[in-house]
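Undergrad: Here is a sequence with its predicted model. Questions after.
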Amino acid sequence: MIGSNTLIGSMSGLLDNDEITKLNILSLLAQAGRAMKNENTERALLLFGTALVAARYKRFSYAVQGALAMNDFLKKLR
């Protein structure tokens with residue numbers, strides 16, 4: 001049985017992975033570009049700003065992406 005400390009430790013290790021961080025930044029930039037193409041300037045600026053700080057504040061960048069995904073999901077439910 002895996003303990004909660006082991007799971008938390010492995011998640012922290014995953015967040016510290018440089019390749020995952022680079023992929024996250026590329027994803028944020030791609031999402032920002034798509035938002036600009038769709039004329040959603042506010043979302044594009046939020047994503048671009050998040051990409052700028054993503055390497056230093058990894059958890060923040062994931063929280064922003066999660067909040068935007070939840071917002072999109074809730075819009076589709078309406």
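TA: Yep, it's here.
Undergrad: Quick check: which ranges of the protein have low pLDDT?
TA: The model of the chain has pLDDT under 70 over residues 1-16.
Undergrad: how about the helices of it, start to end?
TA: 4-15, 18-37, 41-53, 58-77 (DSSP state H).
Undergrad: So which of the ones you listed is the most surrounded?
TA: Most buried of the helices of the chain by mean neighbour count (mean count of other CB atoms under 10 Å) is helix 41-53; its value is a mean of 16. The way it works is simple: take the backbone N, C-alpha and C, and place the C-beta from them, glycine included.
Undergrad: any idea how far the nearest residue to L29 once chain neighbours are set aside lies from S61?
TA: Spatial nearest neighbour of L29, excluding adjacent residues (CB to CB, 6 or more residues apart in numbering): A51 at 5.1 Å. Taking CB to CB, to the nearest Å as the measure, A51 falls 8 Å from S61.
Undergrad: Quickly list what's touching both of those two.
TA: The contact sets of A51 and S61 overlap at L28 (CB atoms under 8 Å, 6 or more residues apart in numbering).
Undergrad: which one is R43 nearest to, not counting chain neighbours?
TA: In space, and not counting its chain neighbours, R43 is closest to A35: 4.2 Å by CB to CB, 6+ apart.
Undergrad: contacting residues for the one you found?
TA: Applying CB under 8 Å, 6+ apart, we find A35 in contact with T41, R43, A44, L47.
Undergrad: can you do 7 Å?
TA: Residues near A35 by CB atoms under 7 Å, 6 or more residues apart in numbering: R43, A44, L47.
Undergrad: how near is it to L45?
TA: Look at A35 and L45: by CB to CB, they are 9 Å apart.
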